[in-house]
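Novice: Generate coordinates for the sequence data below:
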Amino acid sequence: MFDADVVSLIAPGATGFMGILVDHAPLISATIPGPITIKDSSLATKIIQASSKGFLEAYDNQVNILLNSLQE
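Specialist: Have a look, this model is predicted:
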């Protein structure tokens, strides 16, 4: 759905919103339905609406989010 260099990402986690920046520590977390806010390298903001629960994995300056469904 989205593959680009970003400077920040905010996603709804099971225990609250998570902010992910460059060089973030490795992380695996459950996510809940809600907005995923992405700020790219040109500082443009994109919001994707997650419509289902899922999982977020952050490691080695990469973030993978697995969801059953979403809305753009």
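
Novice: Every contact and neighbour count from this point should use C-alpha atoms.
Specialist: Noted.

Novice: Point out where this protein drops to low pLDDT.
Specialist: 70-72 (pLDDT under 70).

Novice: where exactly do the strands run in it?
Specialist: Ranges of strands in the chain, per DSSP state E, are 6-13, 16-21, 27-31, 34-40, 45-50, 54-59, 62-67, 70-71.

Novice: Thought residue 36 was touching residue 10, still the case?
Specialist: Yes - look at residue 10 against residue 36 with C-alpha atoms under 8 Å: they come within range, at 5.7 Å.

Novice: More neighbours: those two, which one.
Specialist: Using other C-alpha atoms under 10 Å, the more surrounded residue of residue 10 and residue 36 is residue 36, with 19 against 16.

Novice: Look up the closest residue to that one, ignoring the ones flanking it.
Specialist: Nearest non-adjacent residue to residue 36, counting by C-alpha to C-alpha, 6 or more residues apart in numbering: residue 11, 4.6 Å away.

Novice: Could you report the distance from that neighbour to residue 31?
Specialist: 7 Å (C-alpha to C-alpha, to the nearest Å).
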